[in-house]
Structure formats: structure tokens, C-alpha cells
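Asker: coordinates only, sequence not included:
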């Protein structure tokens, strides 16, 4: 059963039935469901960029590998309407597998 709101009167009725010996604790749990809130699959702060935004950044890097991070931040702000710090862009590119070493190789070839 999912996490749901249980009304206070239902809780009091279950407690009264338990005190009178009509319901056992196991029967109450079967009727009411889990008493522990389920864990969320999302942990921590929400990400600043979604998959499409990271794909846009990688396309920009492939197109012009010699752009600076602050220039990329300006392009993302103008074209995707997301205000980012250049360290966020650096972190997202690093997570996407794009390193400074790889960018230097691509920039030398271009």
C-alpha cells in the first residue's frame, strides 16, 4: 500500500478496538497499511540541468570546443532560459565525460 492520509477518527477507532481486545496489532496493520513512510527515490538537491540541457551543452562543445565556460553560461541563459554558474557547467560536462584534456585534443584538430 502506498503512503496515504489516515483520518484521526479512524486512528482513534482502531486504538479503542485494540484496547477492548477486538483487534490485534497485526489486524490493525493489515487494515491501515504501513506506518513507515516510503523512501523517496530522489535524494539531495534537484539537478540544475536535465538531459536535454546537457545534450545542448555537449552539442555546443562539439561545435566550438574553444569557448570558455562563461560564454557557455551566457548561451545557456539566452537559449535555454537557465541561469547557471560556470562551475555548474564544468561539473555537468565532467559528469558527461567531457574533460579538459579531451577538449584540447578536439580544439587542436579543429
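Answerer: Structure's in. What do you need? These figures come from a predicted structure and were not determined experimentally. Numbering: from 1, shown residues only.
Asker: Report the contact partners of residue 88.
Answerer: 48-49 (Cβ atoms under 8 Å, 6 or more residues apart in numbering). Bear in mind the C-beta positions are built from the backbone N, C-alpha and C, glycine included.
Asker: which SS class is residue 62?
Answerer: Assigned with DSSP: H, G, I helix; E, B strand; the rest coil, residue 62 falls in the helix class.
Asker: Same check on residue 40?
Answerer: Following three-state DSSP, residue 40 is assigned to coil.
Asker: who's in contact with it?
Answerer: By Cβ under 8 Å, 6+ apart, the contact set of residue 40 is empty.
Asker: Residue 47 versus that one, what's the distance?
Answerer: Distance, residue 40 to residue 47, by Cβ to Cβ, to the nearest Å: 15 Å.
Asker: residue ranges with poor pLDDT in the chain?
Answerer: Counting by pLDDT under 70, the chain has low-confidence residues at 1-4, 31-38, 106-107, 109-110.
Asker: most distant residue from the middle of it?
Answerer: residue 20 (46.7 Å; Cα atoms, centre = their mean).
Asker: Over to residue 40: give its phi and psi.
Answerer: Note on residue 40: its backbone torsions stand at phi -80, psi 150 [degrees, to the nearest 10].
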